[in-house]
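Visitor: got a sequence here, can you model it:
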Amino acid sequence: MKKAIPQKDLPLSDYLESVGLWIAGVGSQYFGPLTNGCMLSEEVGEVNRLLCRQYGEQRYKAGEEPANFKRALADELADVMFVLACIANEQDIDLADALVRNLQKKNTRDRSRYSQPEHKEQAYAG
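Guide: Take a look at the predicted model:
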């Protein structure tokens, strides 16, 4: 029996499971690690492309600018998350545990890393 895809407040573990179910039902199997790495680079590139055109020196081509930038960016970030979930699932990595460990590292090793005045950059006022 297929689980319904939640519409809001999707816990990471449920998201990873939903990706696995989608792969099993629609994709049949995960791509290999190299292909997933390439797909991740492609999706991150699409995020960067939007950011570069919205905030950088490049501009959108005629008819290319999204009607809603934040929505377009959110969609591309979700594509990145999907590929990350595929990589984690395919490699049998507990991504939720890895994220907790990463936050713990940030709160110990990097606790004062960015509080030094000489390391502060001008904050983006977006």
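Visitor: would you quantify the distance from residue 78 to residue 115?
Guide: 32 Å (Cβ to Cβ, to the nearest Å). For every residue, glycine as well, the C-beta is placed using N, CA and C.
Visitor: mind giving me the packing neighbours of the strand or helix carrying residue 97?
Guide: Taking DSSP states H and E as the definition, residue 97 sits inside helix 95-108. Packing partners of helix 95-108 (3 or more Cβ pairs under 8 Å, 6 or more residues apart in numbering; DSSP states H and E): helix 12-22, helix 69-90.
Visitor: kindly reformat the ones you listed as CSV containing mean pLDDT and distance to residue 40.
Guide: Putting the helices and strands packed on helix 95-108 into CSV (pLDDT from 0 to 100; distance: least, Cβ to Cβ, whole Å) gives the following:
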stretch, mean pLDDT, distance to residue 40
helix 12-22, 94, 14
helix 69-90, 97, 5
